[in-house]
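Undergrad: sequence and predicted structure, then a few things I'm wondering about:
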Amino acid sequence: MKIVWWDGSGVCLYLKRLEKAKFCWPRIGHHRVQMNPAQLMALVDGMDWKRVRTVAVKPPEIVG
């Protein structure tokens, strides 16, 4: 897997190869795939990113 991104000052390259597992790639089609940060990290770790969901966290109501 190669990820290329612009960090504001230059282009960065991230490269990862899994030794035993395989990446769970999104289907290739006419639509783009949007991932949240948790799903991207699951993909990079070789997990099924489609099963990762974010949970809304409520802020505390009372601060001690």
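TA: Alright, I've got the coordinates.

Undergrad: how far off centre is stretch 36-52?
TA: Chain-centre distance of stretch 36-52: 5 Å, with C-alpha atoms, centre = their mean, to the nearest Å.

Undergrad: what does that stretch rub up against?
TA: Contact partners of stretch 36-52, identified using C-beta atoms under 8 Å, 6 or more residues apart in numbering, comprise 1, 3, 16, 18, 21-24, 35, 54. All C-beta spots, glycine's among them, are computed from the backbone N, C-alpha and C.

Undergrad: let me see the mean pLDDT of stretch 22-42.
TA: On average, the pLDDT along stretch 22-42 is 79.

Undergrad: and the spatially most central residue of the chain, what element?
TA: Nearest to the mean C-alpha position of the chain, by C-alpha atoms, centre = their mean, lies residue 40 at 0.5 Å. Applying DSSP states H and E as the criterion places residue 40 in helix 37-44.

Undergrad: then stretch 20-32 to CSV, C-alphas only?
TA: Extracted in CSV, the C-alpha atoms of stretch 20-32 (Å, rounded to 0.1, in the frame of the first residue of the first chain):
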residue,chain,number,x,y,z
LYS,A,20,0.8,-12.8,6.0
ALA,A,21,-2.5,-11.0,5.7
LYS,A,22,-4.0,-9.1,2.8
PHE,A,23,-5.4,-5.6,2.6
CYS,A,24,-9.2,-5.3,2.4
TRP,A,25,-9.5,-3.1,-0.7
PRO,A,26,-12.6,-1.0,-1.5
ARG,A,27,-14.3,-2.0,-4.8
ILE,A,28,-13.1,-0.1,-7.8
GLY,A,29,-16.0,1.7,-9.5
HIS,A,30,-17.2,5.1,-10.6
HIS,A,31,-17.7,6.3,-7.0
ARG,A,32,-15.0,7.5,-4.7
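
Undergrad: show me the contacts for residue 59.
TA: Contacts for residue 59 were tallied using C-beta under 8 Å, 6+ apart; there are none.
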